[in-house]
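Enquirer: Whatever this is, show me its structure:
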Amino acid sequence: QVQLVESGGGLVQAGGSLRLSCAASGSIFSINAMGWYRRAPGKQRELVARITSGGSTNYGDSVKGRFTISRDNAKNTVYLQMNSLKPEDTAVYYCNADIRTYSDSRYYFPYWGQGTQVTVSS
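Expert: Predicted coordinates for the structure are as follows:
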């Protein structure tokens, strides 16, 4: 059993900043990539940012230069620092992690958090 718990969402004015956190817990053998996705009303889910266990990152085009993803492997936690927020960043943000558990350490499976709302007012 694995849980991903997000925190840090909320309401912010355009130009402001927020920091999201996502902590993985449970029967974790190892974690590969971790990332953040978002879904805005009426739109498909899209990649925001992703980071490998070695620290390599990739970002969605719409957030490059404004958002920064990082992780603390010792704490099984991934962070998303969001700066210069825009109203179009309003969405539910979901944490994702590829995890091997002790019950089946052969393969990585994707796990998702419950989502945290980010609302940017103009």
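
Enquirer: hey, let's count contacts and neighbours off CA atoms from now on
Expert: Noted.

Enquirer: Report the central residue of the protein.
Expert: Closest to where the C-alpha atoms of the chain average out (Cα atoms, centre = their mean) is Trp36, at 2.7 Å.

Enquirer: In contact with it: list those residues for me.
Expert: Contact partners of Trp36, counting by Cα atoms under 8 Å, 6 or more residues apart in numbering, are Leu47, Val48, Ala49, Arg50, Leu80, Tyr93, Tyr94, Cys95, Asn96.

Enquirer: now do 7 Å
Expert: Leu47, Val48, Ala49, Arg50, Tyr93, Tyr94, Cys95, Asn96 (Cα atoms under 7 Å, 6 or more residues apart in numbering).

Enquirer: Same list, those, but as a markdown table with secondary structure, distance to Pro110 and neighbour count please.
Expert: Below are those laid out as a markdown table (DSSP: H, G, I helix; E, B strand; the rest coil; distance: Cα to Cα, whole Å; neighbours: other Cα atoms under 10 Å):
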| residue | secondary structure | distance to Pro110 | neighbour count |
| --- | --- | --- | --- |
| Leu47 | strand | 14 | 19 |
| Val48 | strand | 16 | 25 |
| Ala49 | strand | 15 | 23 |
| Arg50 | strand | 13 | 24 |
| Tyr93 | strand | 16 | 26 |
| Tyr94 | strand | 12 | 25 |
| Cys95 | strand | 10 | 30 |
| Asn96 | strand | 7 | 22 |
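
Enquirer: Show me the contact partners of stretch 102-109.
Expert: For stretch 102-109, the surrounding residues in contact (Cα under 7 Å, 6+ apart) are Ser27, Ile28, Phe29, Asp98, Ile99, Arg100.

Enquirer: ChimeraX command for the buried members of the residues you listed?
Expert: Per 16 or more other Cα atoms under 10 Å, the buried members of those correspond to this ChimeraX selection:
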select :28,98,99,100
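
Enquirer: Could you find the closest non-adjacent residue to Val78?
Expert: Excluding the flanking residues, the one nearest Val78 by Cα to Cα, 6 or more residues apart in numbering is Arg71, at 4.2 Å.

Enquirer: That neighbour and Glu46: what is the separation?
Expert: As judged by Cα to Cα, to the nearest Å, Arg71 and Glu46 stand 20 Å apart.
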